[in-house]
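Chemist: The amino acid sequence is not available; the structure is as follows:
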Ligand SMILES: Cc1cc2nc3c(=O)[nH]c(=O)nc-3n(C[C@H](O)[C@H](O)[C@H](O)COP(=O)(O)O)c2cc1C
Ligand SMILES: Cc1cc2nc3c(=O)[nH]c(=O)nc-3n(C[C@H](O)[C@H](O)[C@H](O)COP(=O)(O)O)c2cc1C
Ligand SMILES: Cc1cc2nc3c(=O)[nH]c(=O)nc-3n(C[C@H](O)[C@H](O)[C@H](O)COP(=O)(O)O)c2cc1C
Ligand SMILES: Cc1cc2nc3c(=O)[nH]c(=O)nc-3n(C[C@H](O)[C@H](O)[C@H](O)CO)c2cc1C
Ligand code: SF4
Ligand code: SF4
Ligand code: SF4
Ligand code: SF4
Ligand code: FES
């Protein structure tokens, strides 16, 4: 009697589990590919913002390697580098480097460097800076981040790769120097890394892409 | 060691679940009228939260990932939580009528406490280890309990204040929670992340 | 015989609420005077605007809540809130900043809870924190002392700067915007500089803890002691807060004096003294038992140090006060004094 | 021997205003035409009249007897005739009426013959002394009016180490004890010796505030004269040092827990006036029929009057020269603990130690209706002699949160008024506390009533059910009888029915026992 | 609940017993994602959808579930729908899905949904349950959108910012910028602003209700116009 | 897909079994909350709450059927006590019962009473004494003031009288603050 009741309870829950998981599983099967695709598209959109479609014809999404350099790329974890090519020729590399000493901690950047060492553009992917003070680094909020475009190690000397307050060429924000300082430094370092490892970057074979699905 | 301490500080103060992450607000608003009930709720939630974060970690690592069933996460976690809470409720009801009566109708509400599922999901999202998950869950629960208890003490005070009529009850409670959240912003930056 | 029959006691000491508040205002006077001496007339403009706004909002709130205006406006509590708020905000800040802060202080933090005596949070600090997080730029740019900037700010100049945002001719806007010593120290420390170097490099640090700041803080101390003498405030909170702040600051300073500032610096910079004697002691929002007051003060001292040293904000007094305000009802409950004739735990 | 004095926390220093009423010696109040004697002039059960309307009574004759252990008899303060036993306004903050015996005085002031002075009290056992005191209607004259013989009774195996006479008189304006000590120190010391004998007390101490040097000197003189061992100790002037527990703390360092009696800590406190009354009862055979009352304030002739109980306040004030037009309040008792009267047509009783007349000029008072909000400044807590948190008590009393207010020990409050006196927001704190206390008492009363009602209701439900069942059973029996004629297996049926009835009855019982079941509430 | 009418249910769901305003349920997503109108709208729609499905299902199976597994079963039903919607949103509104993040799976624990399942759907016929779900969901969504709009407006001076996330890139024109060089009142979009904003909205609702009550009372001209007084000292 | 279904079903079934077991193992009878509610109610047994007596009303509250504001004799105090007990928001009393009810007891005008015993049957607490055709009396200390005896009386001889105030049961008035007064 008691055992029967327990069994019934289990059966009810199990029964609904069958229905529920079927619903979910069916939906999953139906959307799996679409999700993967949407995810890829989103990533590509942000990459192509810096290196437009006209400039490359390879599959940026799959043409990627991981490198590690704590000193220059800001993290002891692997930094992902996407490579843009046109007809097999290298066009640009896109680094997901880190500016470790922002006001509110690390700032995640996307730094696009043309094969010739000039900057194709910089974007902030993620940050914890103070709203209203340090967040002018976002492209939506101000044009500051665009001031990097086309600069390279050759257009500016090492002393010039600083904010104005420290004697460089880049603006700081009123009352907030730390954030821009951190970013300028990180971009500068990434350029240096690129200069030192350019050939390696473009010659290493892509890493396999299937293992990690969605982030 | 410091790593675990930082997780604790971060979950209790800097990224307080209730005031900064917005999780577990329903019981926060609902069970904070009296200090006693708030304390009971805090205890129960701490228990469930810590346990469920551990269970979720185990289920995820040993059941879902091996079979490639990550998409079943939500449903599997909530199932664990619901069963856990229901079980706790029955046990408490039987063994400690006092506690049961203090928690009253709110024990079942722990199931639908976002904090519980939220912890489980965040643990997976942040790719934590077993120990980290346990500490994270515990820290979240302590943070929840802390603000719940403080909030209830303040609410007991403002319950008898001369609050303008239209602000009595929920509005002034929410505004108070807002001010608490404001005060907690003082902790921002303590743990750089 | 028409007799009046109220309850006993039938006599009264004659102490009055408004007199209490006025005494606190008087105690602020020395510091305000020094403020004007070191930083010019900006602070006076701040105070005037804040008080005007506070009285206006107070009157409106009382009217909406259908409470008598006269005795309430005359209790000076709104004036005091306004003056403390004005002291916490930078001189030459735009007028709307003050008005927003006062609005949140008086209307939200005070009258939504039922007005004087009912608010759980310190109104002035709520007002301050609201503008701090909403307009961090405006709130964190301070005037350097006139001795450093070389500019002297007249009353009219301050008024026009505050109301219109334009400076009098000949004043270099860059010369009059600067981070406070605490802010500066913190920024430099995050850039991996060491303290001896930082202090040596910058005139802003004065002799003790910041040029100008050190003397103003001492003036707050003097005013505060007078308040204790006059029994307006109890000694517990300020002493507990300053002692605990000095103690932890001392410990860390002894451990590494290049990474942690000296206790003296912590005591005499920022809002430590103002906070200890005038803000943490706000009777409405502080703990009201003696043991509670001591714990309350210690809590603030510790939190101030934590926020200053490791947190995101250079100054932590406001947050520390608000955080401890949250704890006050609980503290009160658990620190009831031993009742005459009873054991401690009954 | 220099005694170490202790300190209690809190208390306030008050302006004294005592000189006004000590300029004149004790005045004898003129005997009025009518005396109105409330049956309750003490703490405890009201006494029971033993005279009837129309009876003639003599001075000192018992006219109402004690109704229980905690009660005190009432005696006629003078000779005359009982003209009414009815309800009259009594001195009580409510201004309500209570039963009184009204005597029309005949002016002869003729003593009854019950006067039996006891020569030397040492010839009598403590028990006999107590009986005398009890029959003499002596109650505490320090304010509370607790029957004194009870406080002269030792419990089982209790020892009294210190017998304290309370001559502190800490309230402003009141000087009745002061003047008594100055003018009749011998009576006090003799009374004290009787009390000492009754209690078998080890030491006797008299505590006097140091603003009454004359009184202390007079007492010391009397002690010397009688060659007894009594210490007169001058304690710092501070309100409420006269409070029993505060005085004990100062003199002995002992703290009497709330609700506990001093005797549990081997101390007993009596007022100096009580001591004098004891002397009169034992040595002169005079029951308690008069006392000294301070009449002061805005008057032409403030002084201490020896009054017969039952004299109306109006009469006494007229004798003291009141200016009716300017009077604002008349306070029965002191300005800190007394209550204001809503009429002067009330009789003065055993606990009437003072009548204070106020006007706008000489005794300016604050209008508590102008109160501000409490800012939790804590001044009140600083002065509370009991170490309570008046601001919290106020906060919860104001909100009528009677559970919380008891958490903060409301019932330990002695209503001394210190908190009220210093509150910068001028909040009528003590009135809030009294409101809360009386509300809680009332609620408790109601709860008891509710319990009773519930029981009776349940009983009634039970009764109705039973009656119904009985009726049904009767019906059934009747029907069964009829059916028995037509059916042969009716016996069996009857048996089944009986069984069912039994089951039902059992269910009924079970339902009663576990009241969760909805049926037990029952539908009427 | 047998005599409920569709009209009543609508009134209850949209106003009188509004999930967010009155029951104070579902607060987490409400406060977390309402810093922007479009986010609010997105989550509101998702919640509405789940509420409809779950109410319907629960009502259909209401006779089969025994009490000890009631909550787990309801929760599982809800979780299934939520996961399905989560997956769908991830596929078709990827960016919005990313912004709403963890709060989509957290719809499962939106107390409002299980509360409706327990309190209404499990006791009523499918038609009513569906209607109740619709009205409650709409009521909730309305609050989300209003709060979102309020916060967005105060915080950054715009309305419908990032409309393209929801309606595709063609909808960017929907974004309204009210003041061009508006500095932004950051409090509104920070966590404290969410609490305070909802508090103010509820106070506004109370005020509307109160003035309505006063009006009806005035027309009734009752002899005793005072409403409830909890604290007699306020009389 | 199949694994998904199997695993989840397995998981659910296991939990179902556990819960099923727990439901039996930890079964609880009775509901102490009803007693607590009942203790708060004034026990007047007047039925004005629309339930036959206080206990049924307590049961109705416990099961969520009734609001906490339906007991007029208890007035605001009872409503607040219930709100406190159950952790819910106070609810306004109906406007007609707004004022704190004055305590009253029934009094039978003895000259008019014809001894019909109808009021005895109505009294929920047996507070009326008397036999058929004889004069009836209300036991004042036991009358709850429910007024149920008034309607049945054929000669209208029962009146409600306020409970007498004495110095013993007198309550200090609530202080008046002008500062907080609105009007
Ligand atoms: C609350 C607060 C938040 C701040 N946030 C930032 C920030 O996000 N980024 C930044 O560079 N500086 C920030 N600062 C300012 C720094 O503390 C420091 O004053 C500034 O970077 C120094 O710049 P300056 O040299 O232009 O004065 C913040 C300051 C305060 C008080
Ligand atoms: C119910 C009650 C019983 C008391 N019993 C005794 C007693 O047995 N012995 C005694 O010495 N005093 C007794 N007292 C007297 C008190 O200790 C105290 O002296 C009296 O209440 C007057 O004190 P007060 O004027 O400070 O209020 C009793 C008081 C009360 C209220
Ligand atoms: C606050 C307060 C002040 C008191 N002041 C005096 C006083 O000054 N003199 C006095 O004899 N009794 C005073 N009493 C009464 C004493 O507590 C105590 O009841 C009395 O001394 C006992 O003596 P009795 O029973 O002979 O009256 C005071 C009581 C209280 C609560
Ligand atoms: C010693 C003292 C300190 C005070 N400090 C503050 C304060 O820090 N902030 C404030 O808004 N009001 C302060 N007040 C004024 C008053 O208490 C305050 O406006 C109330 O909190 C409003 O209810 C103070 C008053 C006193 C007597
Ligand atoms: S003295 Fe008055 S204002 Fe101060 S805490 Fe006490 S009651 Fe409040
Ligand atoms: S009246 Fe009560 S609370 Fe106030 S000081 Fe005296 S004992 Fe303390
Ligand atoms: S209205 Fe109140 S007193 Fe009357 S029966 Fe109902 S619960 Fe009891
Ligand atoms: S006598 Fe009347 S009023 Fe009193 S309890 Fe009985 S029925 Fe109710
Ligand atoms: S929505 Fe209810 S707890 Fe989060």
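Modeler: Looks like it came in fine. Values in this document were obtained by computation on a predicted structure and should not be read as measured data. Ligands and ions are numbered 1, 2, ... in the order given.
Chemist: alpha carbons only for contacts and neighbour counts from here, please
Modeler: Fine.
Chemist: Now for the residue in chain E that ligand 9 sits nearest to: which residues touch it?
Modeler: Residue of chain E nearest ligand 9, by C-alpha to the nearest ligand atom: residue E:26 (3.4 Å). The contact partners of residue E:26, by C-alpha atoms under 8 Å, 6 or more residues apart in numbering or on different chains, come to B:25, B:26, E:19, E:20, E:110, E:111, E:112.
Chemist: go on, residue C:57?
Modeler: The contact partners of residue C:57, by C-alpha under 8 Å, 6+ apart, come to C:103, C:106, C:107.
Chemist: Please list all residues in contact with residue D:352.
Modeler: D:143, D:293, D:332, D:333.
Chemist: I should have written residue D:166 there, sorry.
Modeler: Per C-alpha under 8 Å, 6+ apart, neighbours of residue D:166: D:206, D:207, D:208, D:242, D:244, D:247, D:269, D:270, D:271, D:272.
Chemist: from those, which single one is nearest chain F?
Modeler: Taking C-alpha to the nearest C-alpha as the measure, residue D:244 is the one of those closest to chain F, at 24.0 Å.
Chemist: Give the closest residue to that closest one in space, chain neighbours not counted.
Modeler: For residue D:244, ignoring the flanking residues on the chain, the nearest one in space by C-alpha to C-alpha, 6 or more residues apart in numbering or on different chains is residue D:269 at 6.6 Å.
Chemist: Excluding residues flanking it in the chain, which one is nearest residue A:15?
Modeler: Among residues not flanking residue A:15 along the chain, residue F:9 sits closest, at 7.2 Å (C-alpha to C-alpha, 6+ apart).
Chemist: quick check, that neighbour in a helix?
Modeler: Yes. Applying DSSP: H, G, I helix; E, B strand; the rest coil, one finds residue F:9 inside a helix.
Chemist: That one reaches residue A:18, doesn't it?
Modeler: Yes. Contact criterion C-alpha atoms under 8 Å: residue F:9 and residue A:18 qualify, at 5.5 Å.
Chemist: So between these two, which is more surrounded?
Modeler: Neighbours were counted for residue F:9 and for residue A:18 using other C-alpha atoms under 10 Å in any protein chain shown; residue F:9 has more, 25 against 21.
Chemist: Tell me the pLDDT of that one.
Modeler: In this model, residue F:9 is scored at 81, pLDDT.
Chemist: which residues sit in contact with it?
Modeler: Counted by C-alpha under 8 Å, 6+ apart, residue F:9 has contacts A:13, A:14, A:15, A:17, A:18, A:21.
Chemist: any idea whether the fifth one is helix, strand or coil?
Modeler: Read it as residue A:18. Judged by three-state DSSP, the three-state class of residue A:18 is helix.
Chemist: Quick check, it in contact with residue F:11.
Modeler: No. Checked against C-alpha under 8 Å, the pair residue A:18 and residue F:11 is beyond contact range at 10.5 Å.
Chemist: and chain A, which residues reach chain F?
Modeler: Within chain A, the positions adjacent to chain F are A:2, A:5-15, A:17-18, A:21-22, A:25-26, A:29 by C-alpha under 8 Å from any C-alpha of the partner chain.
Chemist: Restricted to helices, list these.
Modeler: Judged by DSSP state H, the residues of chain A next to chain F include A:2, A:5-15, A:17-18, A:21-22, A:25-26, A:29 as members of helices.
Chemist: Are any of those residues buried, and if so which?
Modeler: Among these, those buried by neighbour count (16 or more other C-alpha atoms under 10 Å in any protein chain shown) are A:6-15, A:17-18, A:21-22, A:25.
Chemist: All the strands of the chain, residue numbers only.
Modeler: You didn't pick a chain, so chain A it is. A:64-69, A:75-86, A:89-95, A:98-102, A:105-114, A:119-126 (DSSP state E).
Chemist: not quite, I wanted chain E
Modeler: So, for chain E - with DSSP E - the strands run E:158-159, E:176-177.
Chemist: To residue F:66, which of those lies closest?
Modeler: When the strands of chain E are compared by C-alpha to C-alpha, strand E:158-159 sits nearest residue F:66, at 44.4 Å.
Chemist: And chain A, is the closest one touching that?
Modeler: No. Strand E:158-159 stays clear of chain A (C-alpha under 8 Å from any C-alpha), getting no nearer than 12.9 Å.
Chemist: hang on, residue B:75 packs against residue E:83?
Modeler: Yes. When contacts are counted by C-alpha under 8 Å, residue B:75 is listed as touching residue E:83 (7.2 Å).
Chemist: who has more neighbours, those two?
Modeler: residue E:83 (29 against 26).
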